[in-house]
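>>> Next input, structure requested:
(4 chains)
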2 protein chains.
Amino acid sequence: MPVSIRDVAQRAGVSVGTVSNVLNRPGEVSAESADRVTRAIEELGYVRNDAARKLRAGVSTTVGFVVLDGQNPFYNDVVRGAEDEATRHGIAILYGNTDEDHRRERLYLDLFEEQQVRGLLIAPYGDVTPRLRRLKERGIAAVLVDRFSGDGRFSSVSVDSVAGGRLAVEHLIEGGRRRIAFVGGPFDIRQVNDRLAGARVAAENAGSHIDLEVVATAAMTVEEGVAAGTRIISRPRRDWPDALFAANDLLALGLLQSLVVDGRMLVPDDIAIIGFDDIAFAAAAAVPLSSIRQPSRMIGRTALRIVLEEAADPDSIARQTVFPPELVVRASTRPR
Amino acid sequence: MPVSIRDVAQRAGVSVGTVSNVLNRPGEVSAESADRVTRAIEELGYVRNDAARKLRAGVSTTVGFVVLDGQNPFYNDVVRGAEDEATRHGIAILYGNTDEDHRRERLYLDLFEEQQVRGLLIAPYGDVTPRLRRLKERGIAAVLVDRFSGDGRFSSVSVDSVAGGRLAVEHLIEGGRRRIAFVGGPFDIRQVNDRLAGARVAAENAGSHIDLEVVATAAMTVEEGVAAGTRIISRPRRDWPDALFAANDLLALGLLQSLVVDGRMLVPDDIAIIGFDDIAFAAAAAVPLSSIRQPSRMIGRTALRIVLEEAADPDSIARQTVFPPELVVRASTRPR
DNA sequence: GAAGTTTCCTGAATCGATTCAGGTTAAGTT
DNA sequence: AACTTAACCTGAATCGATTCAGGAAACTTC
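Numbers count the residues shown, from 1 in each chain, chains lettered A, B, ... in the order given. From the prediction side, this is the model:
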């Protein structure tokens, strides 16, 4: 038997309107009534029915977060940041992990629209702008996370991937590396392209003695990293690169695992490795991994803050928030 | 301008009742009406208002999942399993990470009660049974995840931690280890106790020549692992254990990092390490980590299935589902 | 062809919180 | 004393989907 606002009103000897006011605009209620109502709520263990509230007032207390790889600790950190900010506003997070699957991405967008979330944070996989546009028409704001909004129609919070790619490769070159392989994919993921573009800039700036090849992967997972690494060292030795820049840390960890020949670890003496994201496990790897750090919690917190602002003001202008990446040097890129 | 069921009805030239029937019991509607309605829905881009649905019908399409350590990949895997099962039922997951904080735990329970979730999956930190009991009275079923329900009042899905602890220590003893340290804590976490209990059983069964000491940690994180490891090797050498059983893989990874003396890795020759959970990163560690595997996705999937069943039938009897753990042997416990 | 069944529909009542026009009371002003 | 003003309250209407009693039409049965 659920307790409704009516029960509370009766017990406190006031009208339902007053109870609602105590809950929503405490200023307009006399101290005495407020007290009686508060006590009644306490005694009955009343909990607001969010569905009724949402229906009538149109305010939602959930925000959706659609993530493209739930197994990647980077996104967990981003979610954690968003959570922190959300709880501060009494908001709960609807979580969806698409695992780089268009069908799942669509599914979650549908589900979250039905739920009428207050706003949506999304690390998109496919091209979701048409869908997001429709959500916007229906009053659901969206903020892109970890990806720059192509057409500038939606706000985004991300790290400058091009700068990150550049930092990584500059660091490798400074360490005396000459034959660099970029390992990443698929290339319909925007960040992958950006990181590669940054790498190219660094290579070109350094001059023609720098080789930059691309080793494409089907996904950004540890397994794909292992596969890519195995492919690389199965080449004749003279064709080996002397440094690898992985599009994220999972790939880098996979690469690391595969770069062992006759029980000897090739990293960092023969081949250097640098990753991207600086997840917690990068530091705990076989050879502690150099990486490009993203301020992941900050990204989440900021994205949530922005989406709430936009939900409150539908006419707000989309803004792109870009954080700088940071080079974190560890053993995996020690110069020879 | 949101599209309501009334708009659809008008467009299709039927009553709202019929539209609702098309949505909820297609069998009772003529093919022709169904067709017209479906078309109208399509044309108007109608999306069901879940708040109204929930209010009237009392059915909820969300399930809450409260996790005690969102940074632990183990829980991500469990969530992923739950997600799989949830999407199959058109259900979205409200996600909350308590980070082993009682306040946050309570907060999420409140939030999810307000949301009137259909059910609740929880990897609890504090003693939440009184809270869960109240939720049950209000029609919200709860299933404990990764923890056995003490009083048997709630269903649970977990792995036999005692058996796991035993497997781990038996394996260490078989590998010739004699002085074993259990590293874990805090001890108000049930699993920690169980794993230690299992370890004790194995040690006692093996006879009095086996030493089992306990190294307590304040949390089960990589950092705490590093700290514990540092403490251990700062003892005089003759007081070192020759094997460590960590209560989870994060601790084990931390221990691993700290067990380097004068550039020499002590694992596995001087000290063996075995963890618990078998997270993906265990295999990618400095020395690939032996571990006790939990079928994490399966746990999530099963828990979600059970909570839905219990939500459908409030009189169902609580059941404890226990999966067996599995020993995964890698380099970190190689016998000398 | 009357009575009885099926098959489909309709549309008002309902869920519970919020909102707001209107009412009451007490205090303040002239 | 008469009139304002302010401070609080009340309670019916409302949000949109679902439900269900009641009814129309088509079809059977004898």
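>>> Just read off the phi/psi values of the nearest residue to residue A:322 once chain neighbours are set aside.
Leaving out its chain neighbours, the residue that sits closest to residue A:322 by Cβ to Cβ, 6 or more residues apart in numbering or on different chains is residue A:160, at 5.2 Å. C-betas here are computed from N, CA, C, even on glycine. In terms of degrees, to the nearest 10, the main-chain angles of residue A:160 are phi -70, psi 100.
>>> how many other residues sit next to residue A:160?
The number of residues packed near residue A:160 is 17, by other Cβ atoms under 10 Å in any protein chain shown.
>>> and stretch A:217-228, C-alpha only, in CSV?
What follows is stretch A:217-228, C-alpha atoms only, in CSV (Å, rounded to 0.1, in the frame of the first residue of the first chain):
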residue,chain,number,x,y,z
THR,A,217,42.2,-2.5,-36.1
ALA,A,218,38.6,-3.5,-36.1
ALA,A,219,37.9,-2.2,-32.6
MET,A,220,39.7,-0.6,-29.7
THR,A,221,40.0,-3.6,-27.4
VAL,A,222,42.8,-5.5,-25.7
GLU,A,223,42.2,-8.4,-28.0
GLU,A,224,42.6,-6.3,-31.1
GLY,A,225,45.7,-4.9,-29.7
VAL,A,226,47.2,-8.3,-29.2
ALA,A,227,46.2,-9.2,-32.7
ALA,A,228,47.8,-6.1,-34.2
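>>> So what touches that stretch?
With Cβ atoms under 8 Å, 6 or more residues apart in numbering or on different chains as the test, stretch A:217-228 has contacts from A:69, A:71-72, A:100, A:183-186, A:189, A:192, A:215, A:246-248, A:250-258, B:280, B:284.
>>> Type out the ChimeraX command that picks the buried ones from these.
Selection of the buried residues among these in ChimeraX, burial being defined by 16 or more other Cβ atoms under 10 Å in any protein chain shown:
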select /A:69,71,72,100,183,184,185,189,192,215,246,247,248,250,251,252,253,254,255,256,257,258 /B:280,284
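>>> among the contacts of stretch A:217-228, which are in reach of DNA strand C?
Among these, not one lies near DNA strand C by Cβ under 7 Å from any atom of the strand.
>>> among the contacts of stretch A:217-228, which are in strands?
Secondary structure from DSSP state E places A:183-184, A:215, A:246 of the contacts of stretch A:217-228 in strands.
>>> neighbours around residue A:3, how many?
Other residues close to residue A:3 by other Cβ under 10 Å number 17.
>>> which ones are touching it?
A:44-47.
>>> where does the residue in chain A that DNA strand C sits nearest to land on pLDDT?
Relative to DNA strand C, the nearest point of chain A is residue A:5 (2.8 Å; Cβ to the nearest atom of the strand). We have a pLDDT of 94 for residue A:5.
>>> next one: the one 5 residues further on
According to the prediction, residue A:10 has pLDDT 92.
>>> Based on its surroundings, how many neighbours for it?
15.
>>> Now it: which helix or strand?
Assigned by DSSP states H and E, residue A:10 belongs to helix A:5-12.
>>> Enumerate the residues of the stretch 201-336 of chain A near chain B.
A:222, A:253-254, A:256-257, A:280-281, A:283-287 (Cβ under 8 Å from any Cβ of the partner chain).
>>> Up against DNA strand D, what does the stretch 1-150 of chain A have?
A:13-18, A:20-21, A:28-30, A:32-33, A:52, A:55-56.
>>> For the stretch 1-150 of chain A, give me the ranges with low pLDDT.
A:1, A:148-150 (pLDDT under 70).
>>> let's see 90
For the stretch 1-150 of chain A, the stretches flagged by pLDDT under 90 are A:1-3, A:25-32, A:57-59, A:68, A:99-100, A:114, A:124-131, A:133-139, A:146-150.
>>> Same check on the stretch 201-336 of chain A?
The model of the stretch 201-336 of chain A has pLDDT under 90 over residues A:207-208, A:257, A:260-265, A:267, A:283-288, A:312-316, A:336.
>>> Please identify which of the residues of the stretch 1-150 of chain A next to DNA strand D is nearest to residue A:293.
Nearest to residue A:293 out of those is residue A:55 (Cβ to Cβ; 43.8 Å).
>>> hang on, isn't that closest one packed against residue B:53?
No: taking contacts as Cβ atoms under 8 Å, residue A:55 lies outside contact range of residue B:53: 9.4 Å.
>>> my guess is residue A:171 meets residue A:327, correct?
Yes: Residue A:171 lies in contact with residue A:327 (Cβ under 8 Å); the separation is 5.7 Å.
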